[in-house]
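Colleague: based on what follows, work out the 3D shape:
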Amino acid sequence: MNATVKVWDPLVRLFHWSLAGLFLANFFTEEGELVHRGFGYAILGLIAVRLVWGFIGTHHARFSNWVPGPDRLRHYLRDRLAGRSRRQLGHNPAAAVMILTLLGGVLLVAFTGWLQTTDRFFGDSWLEGLHEALAYGVLGLVVVHVLAAVGESLHYGENLIAAMVHGRKRALGQDAAASKKAPRLAPSQVSRPATRQE
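Modeller: Residues are numbered from 1 along each chain as shown. Below is the predicted model:
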């Protein structure tokens, strides 16, 4: 029986699926309508809560736990391309960069949408075009994000999408045990009888 550990707390999971749902829902509402703007403000509220939770939340929710520095990202990408990267409980460095990019993109979409409600930029076609282009750009990143999650799930033998639903992942110790068990048993079983005969 595989032991699991709690990784994603309820707030992180609620944020993840609520943000995805609201962002996609806004593609089916008309720009300028009250519903469209309401979804946009709700998205901004969600991100604000997540930013605060990134400093005071649970271990794996904190930015200090999953936002990588350049060296950590470079080493992970090198190991991943070589096929020797290790599974991580929280976000791996590449996923962390994608998440930060998605959050930044969504913020830009929301900001350009809000600008269109101001007197100075109301009715500006260039801003409307930029807002739409940014929205489709983020949608493209979402597709890449989902495909990467599926790919990593297959690579590490763990359903990462389901983990973001129930919040649990396979304990890291099981990975180490599985990789070390076979090589360690055979040499020890062969060497012990030899030393006793001496």
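Colleague: show me where the protein has strands.
Modeller: 4-6, 168-170 (DSSP state E).
Colleague: show me what counts as buried in the lengthiest helix in the chain.
Modeller: Using DSSP state H to define each element, the chain has its longest helix at helix 125-156. By neighbour count with 16 or more other Cβ atoms under 10 Å, helix 125-156 contains the buried residues 127-128, 130-131, 134-135, 138, 141-142, 145, 149, 152, 156. Every C-beta, even on glycine, is put in place using the N, C-alpha and C of the backbone.
Colleague: which of those residues sits closest to A48?
Modeller: V138 (17.8 Å; Cβ to Cβ).
Colleague: ok, for that closest one, nearest residue in space, not its chain neighbours?
Modeller: G105 (4.1 Å; Cβ to Cβ, 6 or more residues apart in numbering).
Colleague: pLDDT weak spots in this structure?
Modeller: The chain contains residues with pLDDT under 70 at 1-2, 174-198.
Colleague: as a check, name the ranges of all helices in it.
Modeller: According to DSSP H, the helices that the chain contains are 10-25, 34-56, 63-66, 70-82, 93-115, 125-156, 160-166, 172-197.
Colleague: okay, R72 and V5: tell me how far apart.
Modeller: The gap separating R72 from V5 is 22 Å, by Cβ to Cβ, to the nearest Å.
Colleague: do V142 as well
Modeller: Look at V142 and V5: by Cβ to Cβ, they are 27 Å apart.
Colleague: ok, H59 next?
Modeller: Taken as Cβ to Cβ, the span from H59 to V5 is 11 Å.
Colleague: ok, L19 next?
Modeller: 24 Å.
Colleague: between these two, which one's more packed in?
Modeller: For L19 versus V5, neighbours defined as other Cβ atoms under 10 Å are more numerous around L19 (18 against 13).
Colleague: quick check: that one touching L46?
Modeller: Yes: if you go by Cβ atoms under 8 Å, L19 and L46 touch, sitting 5.3 Å apart.
Colleague: of the strands of the chain, flag the one that's most buried.
Modeller: Greatest average neighbour count among the strands of the chain goes to strand 168-170 (a mean of 19), per mean count of other Cβ atoms under 10 Å.
Colleague: so what touches that one?
Modeller: By Cβ atoms under 8 Å, 6 or more residues apart in numbering, the residues outside strand 168-170 that reach it are 2-7, 87, 89, 158, 160, 163.
Colleague: just the buried members of those residues?
Modeller: 7, 87, 89, 158, 160, 163.
Colleague: please name the residues that touch the second one.
Modeller: Taking Cβ under 8 Å, 6+ apart as the criterion, R87 is in contact with 156, 158, 170, 172, 175.
Colleague: do the same with G167
Modeller: 6-10, 12-13.
Colleague: can you redo those as JSON lines with distance to W53?
Modeller: Output for these, formatted as JSON lines (distance: Cβ to Cβ, whole Å):
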{"residue": "K6", "distance to W53": "16"}
{"residue": "V7", "distance to W53": "15"}
{"residue": "W8", "distance to W53": "12"}
{"residue": "D9", "distance to W53": "9"}
{"residue": "P10", "distance to W53": "11"}
{"residue": "V12", "distance to W53": "7"}
{"residue": "R13", "distance to W53": "12"}
